[in-house]
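Peer 1: Just the structure for this:
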Amino acid sequence: MKSSFRINKTVVKLLLLAALILVFLTAAPLQARSQEVYLNVLTINLLFSEIPDRNERLNNIAQFVADYAEDIDLILLQEVVGGPLARTFNSALNLKIKLAVMGVNYQISYRMANGIPGIITVGNASRILIPDFGYINVYNTHLCAFCDTHERLTQVESMLSFINLIESFFMEKAPAVLGGDFNAEYGSDEYNQIVVENGFIDTYARLNCPDCCSQIDPTGCTFAVPCGVVPCNPYAVDPFTGLPEEAKRIDYIFVKNLGKIVSSDVVFNSEPWVSDHSGVLTKIRLK
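Peer 2: Reported below is the predicted structural model:
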């Protein structure tokens, strides 16, 4: 199925998202096919710690994107790394090259967020221009995993303060996409509610929830998704106990002032596994 458009000349400015970490954005060429314009967004956590098989995992992601290339316009990657410790210059660039070999060309928007220059870095970005629509702001984040509720809530508040500051520069309500690994389970009022109160819509929840991630029906879970009765994602294992992790929904795509949510699905939730996380793929019909 062809999408209505694919991104062409996209990256206009880079915005340093100081409050956000581990961010990567790609954009594929867009082409208007009718008066209706669609934006298809994919978010996936790369799991930086699995270095030996990273190449194989990136191959699997690239193959998926190539198979659905005309339905994926933006890719938000978390846990993008680079440097000798990561054994690569930039894992996002690795994915871009693999896609280019398959004949699918994406542009990278990447800025270093933190790390040790020349040793290991992580990055974030950006603002893009969509032909026949205009500018949208894209925010991609990875909130802390091993922290308490107060610390993560502080990160969410800092993130939203930054977003509101950026959007205050625009005369009209700026269309925006906010996605990534929130490390906060669906239903946690401390995290989801405050994002929604700032005008964002949880795209997957809008179409599939409230009962969208449970041990009985883990279809909508995005972390440690089990296959059958016994969890079988080889990456979703507690490093300290060796036991399978509990399935949760912690990866999100939020939108604001953007348009109608046409579809939203959990992907990478079966073999070949590419991370301990699954991804989310959302299609929006733009205003």
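Peer 1: my guess is V262 contacts Y38, does it?
Peer 2: Yes - here V262 reaches Y38: they are 7.1 Å apart, a contact under C-beta atoms under 8 Å. Using the backbone N, CA and C atoms, a C-beta is placed for each residue, glycine as well.
Peer 1: Give me the more crowded residue out of those two.
Peer 2: Ranked by neighbour count (other C-beta atoms under 10 Å), V262 and Y38 place Y38 first, with 22 against 15.
Peer 1: any idea how far that one is from L76?
Peer 2: 17 Å (C-beta to C-beta, to the nearest Å).
Peer 1: before we move on, what about P175?
Peer 2: 16 Å.
Peer 1: So for the two, which residue has more residues nearby?
Peer 2: L76 (28 against 23).
Peer 1: mind checking the SS state of that one?
Peer 2: In three-state terms, and counting by DSSP: H, G, I helix; E, B strand; the rest coil, L76 is strand.
Peer 1: ok, now E151?
Peer 2: helix.
Peer 1: what's the helix or strand for the nearest residue to M102 once chain neighbours are set aside?
Peer 2: Closest residue to M102 apart from its sequence neighbours, by C-beta to C-beta, 6 or more residues apart in numbering: A66 at 4.2 Å. Element membership for A66 (DSSP states H and E) is helix 54-67.
Peer 1: ok, now L99?
Peer 2: Counting by DSSP H and E, L99 is part of helix 91-101.
Peer 1: Compute the inter-axis angle for that helix and strand 74-78.
Peer 2: 140 degrees (axes from the mean of the first three to the mean of the last three C-alpha atoms, to 10 degrees).
Peer 1: Any buried residues in helix 91-101, and which?
Peer 2: Using 16 or more other C-beta atoms under 10 Å as the test for burial, helix 91-101 gives S91, A92, N94, L95, K96, K98, L99.
Peer 1: Just give me the closest of the residues you listed to I194.
Peer 2: A92 (28.9 Å; C-beta to C-beta).
Peer 1: and the gap between the closest one and S161?
Peer 2: Distance from A92 to S161, by C-beta to C-beta: 27 Å.
Peer 1: Which residue is most remote from the mean position of this structure?
Peer 2: T241 (28.3 Å; C-alpha atoms, centre = their mean).
Peer 1: Secondary structure class of that one, three-state.
Peer 2: Classified using three-state DSSP, T241 is coil.
Peer 1: Return the distance of it relative to V37.
Peer 2: Counting by C-beta to C-beta, the gap from T241 to V37 is 48 Å.
Peer 1: just the angle between the helix holding L99 and helix 54-67, please?
Peer 2: Using the same axes, to 10 degrees: helix 91-101 against helix 54-67 is 50 degrees.
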